[in-house]
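[1] when you get a sec, could you give me coordinates for this:
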Amino acid sequence: MWDHDPTMTDPETPDPAATRIVSFIEWPAPGLSIDDARRVAAETGRAFRRIPGLVDYRFFGDFETGRHVYLQVWESQAALDAYMASESMFRIREIAARFVGGAPTRRIFVDYTDEA
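    Numbers count the residues shown, from 1 in each chain. Model (predicted):
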């Protein structure tokens, strides 16, 4: 159990409207080669750069297990919600569709990093 240090101040609760959102999308693609992964990442990256409110993104893969992850950083929950309701999301999914070997999972996190 951690003891509270009285010399430290507790951070203020972040304003949800001003908090970045991080999304991890994990998908199985056991047959995806590193070369194919790079092509998928390049094409997906070109599409991601046109998405309003998407601040950053990264692609990760474990080629031994075939698990792959997209990390997306959104300026707000509203930006992510708008993307999730857009045709762009469905078009971007199609880029990797031929490699996907099962249902993807999405985890959403609040980024409470103090950027000051």
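
[2] and the helix or strand of the chain with the lowest mean pLDDT, what does it pack onto?
    When each helix and strand of the chain is scored by mean pLDDT, DSSP states H and E, helix 87-96 comes last, with a mean of 92. In this structure, helix 87-96 makes packing contacts with helix 34-48, judged by 3 or more CB pairs under 8 Å, 6 or more residues apart in numbering; DSSP states H and E. Glycine gets a C-beta too; all of them are placed from N, C-alpha and C.

[3] thought G102 was touching P28, still the case?
    Yes: counting by CB atoms under 8 Å, P28 sits close enough to G102 to count as a contact (4.3 Å).

[4] what comes up buried for the least confident helix or strand of the chain?
    88, 92, 95-96 (16 or more other CB atoms under 10 Å).

[5] got the angle between that helix and helix 34-48?
    Angle, helix 87-96 to helix 34-48, by axes from the mean of the first three to the mean of the last three CA atoms, to 10 degrees: 170 degrees.

[6] pull the CA atoms of the helix or strand just after helix 87-96 into PDB?
    The helix or strand immediately downstream of helix 87-96 is strand 105-111, counting by DSSP states H and E. Extracted in PDB, the C-alpha atoms of strand 105-111 (Å, rounded to 0.1, in the frame of the first residue of the first chain):
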ATOM      1  CA  THR A 105     -10.800  -5.700 -29.700                       C
ATOM      2  CA  ARG A 106     -10.800  -2.000 -28.800                       C
ATOM      3  CA  ARG A 107      -9.800  -0.500 -25.400                       C
ATOM      4  CA  ILE A 108     -10.300   3.100 -24.700                       C
ATOM      5  CA  PHE A 109      -8.200   5.000 -22.100                       C
ATOM      6  CA  VAL A 110      -8.100   8.500 -20.700                       C
ATOM      7  CA  ASP A 111      -4.700  10.100 -21.000                       C
END
